[in-house]
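Novice: Sequence first, then the predicted structure:
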Amino acid sequence: MNVSAAPKKLVVINDVAGFGRCAATIVLPVVSVLGVQACLVPTAVFSNHTGYPTLHFDDYTQRMPLYLDAWKRLSLTFDGIYAGFLGSDSQADIIEEFLSEHPESLVLVDPVMGDHGRTYSTVTQRHCERIRDLVKKADMITPNVTEACLLTDTAYKESGWSLSELHDLAGKLQKLGPKKAVITGIAGDNCLINYYYETASSDAAGIRTGICESPFAGPNHHGTGDIFASVLAADALNGVPFSASVQKASDFVRMCIAGTCALGLPEEEGVCFENYLGELIRLGHNNGGNNIGQQTCAKACNTEYNPD
């Protein structure tokens, strides 16, 4: 982290949930602690996230153009744009216009659509189609396995993914446009796998792929995908190599899950990341080095893959 320079500015287009750690309530502190200025654009306000049996939902679709128009009149510029949960499919039109006004900004899209083979309750088929359109404009994406399958019309399975199948899935994602992607939360043998690719060079047909494997630390918790995408977005603006950033995010998510389970907190409350932000700062100084003590266990392998 370079404290002698002004922080990079990252637009965070995401929902706000009053209770249950997820979305903006995770993204803002994580990118801030990594030395990036977060600039929030709310897509929706929830009383709590959708994993609870009841909630209040306030769609911000009608407010977003007015909100962004004020920024336009101020001639604000940004280094990066992180698009997460959409409150409605028509918000994709608003975001596409905003992206066109900031062509120099790095774009990360976290295609929030579902998990465990199912879409979330607020997500429609049209919603998925419009998110796919946004993915085509992204430099980097962070889908979980369900979302990667939805984006590529690939049959979903909960586990048993072979390396060859992940290669194929990565190739399909690359054809949509993003130069970099991480498929998160893949179930392995007593571990979780994060599979990533990055385009080898601007004129290369193939992609360089790798994996980060982390020993299983506990059941799935809300907000882990938000942490992962936040680390990658901040690191990208700070010039951290992609593979190192993927490892950092993998290690930090595992630490948060293990700590949350040790405290016995309910899964729906999300991961207790607040207790470990100091570790994330230390990792930031190490540029994603494999350095979270005994809790770290990640490995990366690089291969070349040429999609059809």
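Specialist: Yep, it's here.

Novice: residue ranges for the helices of this structure, please.
Specialist: 24-33, 64-73, 91-101, 125-135, 145-152, 163-176, 224-237, 242-263, 277-285 (DSSP state H).

Novice: pLDDT weak spots in the stretch 201-308 of the chain?
Specialist: Residue ranges of the stretch 201-308 of the chain with pLDDT under 70: 201-206, 284-308.

Novice: Centre of the chain to the edge, which residue is at the far end?
Specialist: Distance from the C-alpha centroid of the chain, by C-alpha atoms, centre = their mean, peaks at R73 (29.5 Å).

Novice: now that one: how far from Y156?
Specialist: For R73, the distance to Y156 (C-beta to C-beta, to the nearest Å) stands at 44 Å. Every residue, glycine included, has its C-beta placed from N, CA and C.

Novice: just A249 next, same as before
Specialist: Taken as C-beta to C-beta, the span from A249 to Y156 is 23 Å.

Novice: do the same with L283
Specialist: Counting by C-beta to C-beta, the gap from L283 to Y156 is 32 Å.

Novice: and those two? which has more neighbours close in?
Specialist: Neighbours were counted for L283 and for Y156 using other C-beta atoms under 10 Å; L283 has more, 28 against 14.

Novice: And the residue nearest to that one when sequence neighbours are not counted, how far from L34?
Specialist: Nearest in space to L283, with sequence neighbours left out and distances taken as C-beta to C-beta, 6 or more residues apart in numbering, is K248 at 5.1 Å. To L34, K248 is 9 Å away according to C-beta to C-beta.

Novice: which residues do those two both contact?
Specialist: Common contacts of K248 and L34, defined by C-beta atoms under 8 Å, 6 or more residues apart in numbering, comprise V231, D235, L280.

Novice: was I right about the last one contacting L34?
Specialist: Yes: counting by C-beta atoms under 8 Å, a contact exists between L280 and L34, whose distance comes to 6.9 Å.

Novice: Give me the common contacts of the two.
Specialist: Shared contacts of L280 and L34, counting by C-beta under 8 Å, 6+ apart, come down to V231.

Novice: spatially speaking, which residue is in the middle of this protein?
Specialist: Centre-nearest of the chain using C-alpha atoms, centre = their mean is A229, 2.5 Å out.

Novice: give the contact list for it.
Specialist: Shown in contact with A229 (C-beta under 8 Å, 6+ apart): V27, Y82, G84, L108, D110, T142.

Novice: With neighbour count added, can I get these in a markdown table?
Specialist: Output for the contacts of A229, formatted as a markdown table (neighbours: other C-beta atoms under 10 Å):
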| residue | neighbour count |
| --- | --- |
| V27 | 26 |
| Y82 | 32 |
| G84 | 25 |
| L108 | 25 |
| D110 | 30 |
| T142 | 32 |
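
Novice: separation between the closest residue to I94 other than its chain neighbours and C256?
Specialist: Spatial nearest neighbour of I94, chain neighbours left out: M64 (5.0 Å); criterion: C-beta to C-beta, 6+ apart. For M64, the distance to C256 (C-beta to C-beta) stands at 30 Å.
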